[in-house]
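*Asks:* Provided below are the primary sequence and the corresponding predicted coordinates.
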Number of protein chains: 2
Amino acid sequence: MNRYLEDLTVGDRFELPPVHVHEDELLKFAREFDPQPMHTDPQAAAEGAFKGLIASGWHTAALVMKRNAEARILGDTPMLGLGVDKLEWPQPVRPGDTLQVITEITKITPSRSKPQFGIVAMTTTAYNQHGETVFVAHPNCWVPRRPV
Amino acid sequence: MNRYLEDLTVGDRFELPPVHVHEDELLKFAREFDPQPMHTDPQAAAEGAFKGLIASGWHTAALVMKRNAEARILGDTPMLGLGVDKLEWPQPVRPGDTLQVITEITKITPSRSKPQFGIVAMTTTAYNQHGETVFVAHPNCWVPRRPV
């Protein structure tokens, strides 16, 4: 089932299932996409500023996307990102962390250039098991209007 | 060798080696992190709005990070993201595309809260083989000042 612009409301809030950060997956992602010792080398990371491995911020972003995609917030309607207004990594993500992702709809704007679409602004936030915010992003998605 | 805040100049520009987008890697990333038919199912994608598979925007972001990390713009100094001011995916990335990534330093601000650091604002842009912009991000990185 598709969900359309008319099915969404500012304030809609989705608490997504927790995501566990495994050390082997952290290393694998970083070795492929963000090969820096703080992400790829446990020994060097232990001696570095963070006293241990930290996840690539882009890995955290990808894990948050995974939860949002799996949640099918828009049903069968694709979640098509136009961009992200702002993205922050306030605290590092470490192996063994469990992240809780919460996504909320903050603004719904009918598109002027594409009348059959609207832009849905969301805030998606990830917290670790200590309640610290480790990721915040404000994505904008294209969502179709209900066909007449 | 580490590069410090004092070694960087607004306008420094890095043309990074091209990155080729392989269909199998596109599918693999999407099936793990962004399981939506436009990214994971060639048949469904061919019948969809984009007339073919498109890469997850987070895959594009990760490929751009890969080139930036490999370029060692800061030498041995880690490229530590504080956040991204804005991130856009103006055009889709498709299997077989070759992306050219260009990163430029746009602003250097000594930190008030951490006097031994500064914040370096960059713009990193990816173009496809047709010269179309497919990704733009404005990341901010922590960079240490040269020790006295």
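*Replies:* Received it, and whenever you're ready, just let me know what you need.
*Asks:* pLDDT on stretch A:11-22, on average?
*Replies:* The average of the pLDDT scores along stretch A:11-22 is 97.
*Asks:* can you give me the end-to-end distance of it?
*Replies:* For stretch A:11-22, the first-to-last residue distance is 32 Å (C-alpha to C-alpha, to the nearest Å).
*Asks:* neighbours around A:Gln100, how many?
*Replies:* Per other C-beta atoms under 10 Å in any protein chain shown, the neighbour tally for A:Gln100 reads 17. Every residue, glycine included, has its C-beta placed from N, CA and C.
*Asks:* likewise A:Ala44?
*Replies:* Quick note: A:Ala44 (other C-beta under 10 Å) scores 13 neighbours.
*Asks:* now do the same contact list for the closest residue to it other than its chain neighbours.
*Replies:* Distances taken as C-beta to C-beta, 6 or more residues apart in numbering or on different chains place A:Pro37 nearest to A:Ala44, at 3.9 Å, with adjacent residues excluded. A:Pro37 is in contact with A:Ala44, A:Ala45, A:Gly48, B:Pro78, counting by C-beta atoms under 8 Å, 6 or more residues apart in numbering or on different chains.
*Asks:* again, only using 7 Å
*Replies:* Counting by C-beta atoms under 7 Å, 6 or more residues apart in numbering or on different chains, A:Pro37 touches A:Ala44, A:Ala45, A:Gly48.
*Asks:* would you turn the residues you listed into JSON lines with distance to A:Gly118, pLDDT and secondary structure?
*Replies:* Formatted as JSON lines, the contacts of A:Pro37 follow (distance: C-beta to C-beta, whole Å; pLDDT from 0 to 100; DSSP: H, G, I helix; E, B strand; the rest coil):
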{"residue": "A:Ala44", "distance to A:Gly118": "47", "pLDDT": "95", "secondary structure": "helix"}
{"residue": "A:Ala45", "distance to A:Gly118": "44", "pLDDT": "96", "secondary structure": "helix"}
{"residue": "A:Gly48", "distance to A:Gly118": "45", "pLDDT": "90", "secondary structure": "coil"}
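*Asks:* from the residues you listed, which is closest to chain B?
*Replies:* For the contacts of A:Pro37, the minimum distance to chain B (C-beta to the nearest C-beta) is 7.6 Å, reached by A:Gly48.
*Asks:* isn't that closest one up against A:Gln36?
*Replies:* No. In this structure, A:Gly48 is not within contact of A:Gln36 by C-beta atoms under 7 Å, at 9.9 Å.
*Asks:* what residues does chain A put near chain B?
*Replies:* A:33-36, A:38, A:57-58, A:61-62, A:65-66, A:69-70, A:78-79, A:81, A:83-89 (C-beta under 7 Å from any C-beta of the partner chain).
*Asks:* helices or strands next to the longest helix seen in chain A in the packing?
*Replies:* For chain A, the helix with the greatest residue count under DSSP state H is helix A:57-71. Packing contacts for helix A:57-71, counted by 3 or more C-beta pairs under 7 Å, 6 or more residues apart in numbering or on different chains; DSSP states H and E, involve helix A:23-33, strand A:98-110, strand A:117-127, strand A:133-144, helix B:23-33, helix B:57-71.
*Asks:* on that earlier part again, show me just the buried residues among the residues of chain A next to chain B.
*Replies:* A:33-36, A:38, A:57-58, A:61-62, A:65-66, A:69, A:78-79, A:81, A:83-85, A:87-89 (16 or more other C-beta atoms under 10 Å in any protein chain shown).
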